[in-house]
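In: I'd like to go over a predicted model; first the sequence, then the structure.
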Amino acid sequence: MIRARRVRIVATLGPASSTRERIKELHAAGADVFRINMSHADHPLMRELVGFIRDVEREIGSPITILADLQGPKLRVGKFENDKVELVNGARFVFDSDTTPGTVDRVHLPHPEILRALKPGHRLLLDDGKISLKITEVHEDRAEATVIQGGPLSNRKGVSCPDTLLPVGALTPKDRSDLDAVLDADVDWVALSFIQRPEDLAEVRKVARGRAALLSKIEKPQAIERLDEIIEMSDALMVARGDLGVEMPLESVPGLQKRITRAARRAGKPVVVATQMLESMISSPVPTRAEVSDVATAVFEGADAVMLSAESAAGDFPVEAVATMDRVAQQVEKDANYEGILLAQRTEPESTGADALAAAARQIAETLNVAATVCYTTSGGTALRVSRERPQKPILVLSPRAKTARRLGIAWGLHNVVVDETTNLEQLIALAGATMVNEGLGKTGERIVVIAGLPLHTPGVTNFLQLAFVRSQDER
C-alpha cells in the first residue's frame with residue numbers, strides 16, 4: 001500500500017481498537033505503526049494484538065511495524081487516612097518511610113531511592129504537576145518540604161522529581177518481564193520510558209541482542225542534558241511531550257520539540273512526536289484548529305512520525321482520528337513551503353561513505369528528475385541514510401529480511417517491500433525496476449537511482465550507486 005504522504009502515523013491500540021477488524025480499518029485509514037502500551041496490556045493481550053497485526057500484514061501483503069512501549073518506573077505517594085487531603089500554599093509537608101496512612105502533614109513515599117537522592121532546593125511535583133513542593137530538609141528516612149502550589153492530593157498520585165537524578169534504571173522488574181515477552185512475540189521496536197542517561201539503554205541492549213530496535217522516550221530534564229549521548233545509543237527517539245510538560249515549564253516544550261527533532265534528524269535517527277496531538281477527538285469526531293496546527297507543525301519540522309495515544313486506544317472515533325491525521329499530513333506535504341523548510345533544515349552529510357552516497361543519490365534524483373531512489377538493504381542502514389536527506393523523490397526500499405522492512409516502517413518517506421535475495425548487480429537492477437512497476441511507483445523507460453552495499457547482503461556497507469532505467473519484462 002503506497003501512502004500519499006511521507007511522514008508516518010503511529011496508532012496506539014487499546015479497548016477501542018483491539019480487534020483484528022479495527023486494526024485493519026486503522027491501517028487502511030493511514031496507521032503505519034501500531035503501538036502496544038505495556039502499561040495497560042498484559043502478555044496474553046499483547047500476543048493476541050501482535051497476532052492480529054501479523055494477520056492484517058499477510059492479508060495486505062505489506063510489512064507493518066509494531067512498537068511495544070514499556071511502562072518504566074511509576075513513582076507514587078502512599079495512601080491517606082481519609083483517602084484525600086488538601087495541601088495549602090506555604091504549609092510544611094513531610095515525605096517519609098513510615099507506612100502508616102498519611103495526613104495533611106505527611107505521607108509515605110514508598111521509594112527510598114527518592115529520599116536518598118533529594119537535596120534541599122529540589123522540587124517535587126505531584127499529580128501530573130498540579131501540586132508543587134520545594135524540599136527544605138533531607139534526613140535518612142524523610143524529606144521535609146514547603147508547599148509552593150497546593151491543592152487536593154489523594155491516594156497513590158504520581159510523583160515527579162524534575163531536579164533530581166534518580167539512582168534507578170529505566171527497567172523495573174515488570175519491564176524486564178514485559179521485555180522478554182515482547183521480544184519473544186517478535187515486535188519490531190521497544191520504547192523505553194524514564195530514560196535519564198545513555199547507560200539506561202545498556203541493560204536493554206544486552207537483553208534485546210538486536211531482536212528489536214530501541215526507541216528512547218525523551219520525557220526527563222536529565223535526558224535533555226545528555227541528549228546527544230542518548231541519541232547515539234538509541235535507534236530512534238520520541239518527544240514524549242506529556243511527561244516532558246510536567247517536569248519542565250510548559251512554555252519550553254515547543255522549543256524542546258524542535259531541538260530534539262532536529263538533533264535526531266542530524267544523527268539520521270527516526271524521531272516520533274507524541275502526546276495530545278488530537279486529544280479532543282477522544283470524544284469528538286473533529287479536532288480543534290489548534291490540534292490541526294500542532295500536527296502540521298510536527299510535519300513541517302520533518303519529524304519521521306506523529307503519534308496518537310488515547311485518541312486511537314480508548315476514544316470514540318479511533319478511525320476518524322487516524323484519517324484526520326493522514327489528511328493533515330498530506331496537506332502539509334503539498335504546501336508550497338514544505339520542501340523549502342525541509343531544505344533549510346538539511347545538514348551536511350557526515351564524513352562516511354554511506355552518508356556521501358545518500359546525499360549524492362538525493363542530488364542526482366532531484367537534478368535528473370528520476371522516478372525514485374531504490375535502496376537494497378539487509379540491515380536498514382542504507383535506507384535510513386537516504387531518509388535522513390529528506391529527498392523530494394520517492395524512496396523504494398527492497399529488503400530480503402521481513403524484520404528489516406518492518407523496522408523501517410517508522411522512518412520518513414520509506415516504502416518498504418520484502419523481496420527475494422539477489423545474487424548479483426544485474427539481478428538487483430532488474431528487481432528494482434520490476435518492483436517499481438509492481439508497486440505503482442514508476443513505469444518502463446523511467447530512470448531510477450539504485451543504492452546498495454557490495455558485496456550484497458553485507459550489513460553496514462553502503463558503497464554502490466547507479467543510475468538505471470526501468471525495463472520491461474521483454475527487455476530483461
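Out: Perfect, thanks for sending it. Please read these numbers as outputs of a predicted model, since none were measured by experiment.

In: any low-confidence regions in the chain?
Out: 472-476 (pLDDT under 70).

In: can you spell out the domain ranges of it, please?
Out: 8-72+170-340, 84-160, 348-469 (automatic domain parsing).

In: for Leu244, give its distance to Leu49.
Out: 27 Å (CB to CB, to the nearest Å). Where C-beta positions appear, they are placed from N, C-alpha and C, glycine not excepted.

In: do the same with Asn337
Out: Asn337 is 39 Å from Leu49, by CB to CB.

In: compare the two (neighbour count), which wins?
Out: Leu49 (24 against 10; other CB atoms under 10 Å).

In: rebuild the domains of the chain as JSON lines, extending it with distance to Ile2.
Out: Converted to JSON lines, the domains of the chain look like this (distance: least, CB to CB, whole Å):
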{"stretch": "domain 8-72+170-340", "distance to Ile2": "9"}
{"stretch": "domain 84-160", "distance to Ile2": "40"}
{"stretch": "domain 348-469", "distance to Ile2": "6"}
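
In: hey, where'd the strands end up in the stretch 251-400 of the chain?
Out: 271-274, 305-308, 372-376, 395-399 (DSSP state E, counting those that start in this stretch).

In: who touches the last one?
Out: Strand 395-399 is contacted by residues 372-378, 380, 383, 386-387, 405, 408, 413-419, 431-432, 435-436, 439, 441, 448 when judged by CB atoms under 8 Å, 6 or more residues apart in numbering.

In: after that strand comes which helix or strand?
Out: helix 402-407 (DSSP states H and E).

In: how far does that next one sit from its chain's centre?
Out: For helix 402-407, the separation from the chain centroid amounts to 16 Å (computed by CA atoms, centre = their mean, to the nearest Å).

In: coming back round to it: out of the domains of the chain, nearest to Met1?
Out: domain 8-72+170-340 (5.3 Å; CB to CB).

In: out of the strands of the stretch 251-400 of the chain, flag the one nearest Thr347.
Out: Comparing the strands of the stretch 251-400 of the chain by CB to CB, strand 271-274 comes nearest, at 14.0 Å.

In: assess the claim that Leu408 and Ala383 are in contact.
Out: Yes - counting by CB atoms under 8 Å, Leu408 touches Ala383, with 5.4 Å between them.

In: run a quick neighbour tally on the nearest residue to Glu320 once chain neighbours are set aside.
Out: Of all residues not flanking Glu320 in the chain, Pro285 sits nearest, at 5.5 Å (CB to CB, 6 or more residues apart in numbering). Here the neighbour count serves as a burial measure; for Pro285 (other CB under 10 Å) it reads 12.

In: contacts only, for Pro285.
Out: Asp316, Phe317, Glu320.

In: contacting residues around the second one?
Out: So the one you mean is Phe317. Met281, Ile282, Ser284, Pro285, Glu311.

In: show me the one of the domains of the chain that comes nearest Gly78.
Out: Here domain 84-160 is closest among those (CB to CB), at 3.2 Å.

In: phi first, then psi, for Asn82.
Out: Here is the backbone geometry of Asn82 (degrees, to the nearest 10): phi -110, psi 30.

In: contacts only, for Ala296.
Out: Applying CB under 8 Å, 6+ apart, the residues contacting Ala296 are Val328, Gln331, Val332.

In: in JSON lines: those, plus neighbour count and distance to Arg116.
Out: Below are those laid out as JSON lines (neighbours: other CB atoms under 10 Å; distance: CB to CB, whole Å):
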{"residue": "Val328", "neighbour count": "24", "distance to Arg116": "46"}
{"residue": "Gln331", "neighbour count": "14", "distance to Arg116": "51"}
{"residue": "Val332", "neighbour count": "20", "distance to Arg116": "48"}
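
In: distance to Ile114 for these - can I get that in CSV?
Out: CSV is the format used below for the contacts of Ala296 (distance: CB to CB, whole Å):
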residue, distance to Ile114
Val328, 41
Gln331, 46
Val332, 42
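
In: mark which of the residues you listed are part of helices, please.
Out: With DSSP state H as the criterion, helices contain Val328, Gln331, Val332 from among these.

In: before we move on, back to that, out of Leu408 and Ala383, which sits in the busier spot?
Out: Neighbour totals were compared for Leu408 and Ala383, and Ala383 leads with 29 against 26 (other CB under 10 Å).

In: outside of stretch 125-140, which residues touch it?
Out: By CB under 8 Å, 6+ apart, the list of residues contacting stretch 125-140 reads 77, 87, 92-93, 115, 118-124, 143-151, 153-154, 157-162, 245-247.
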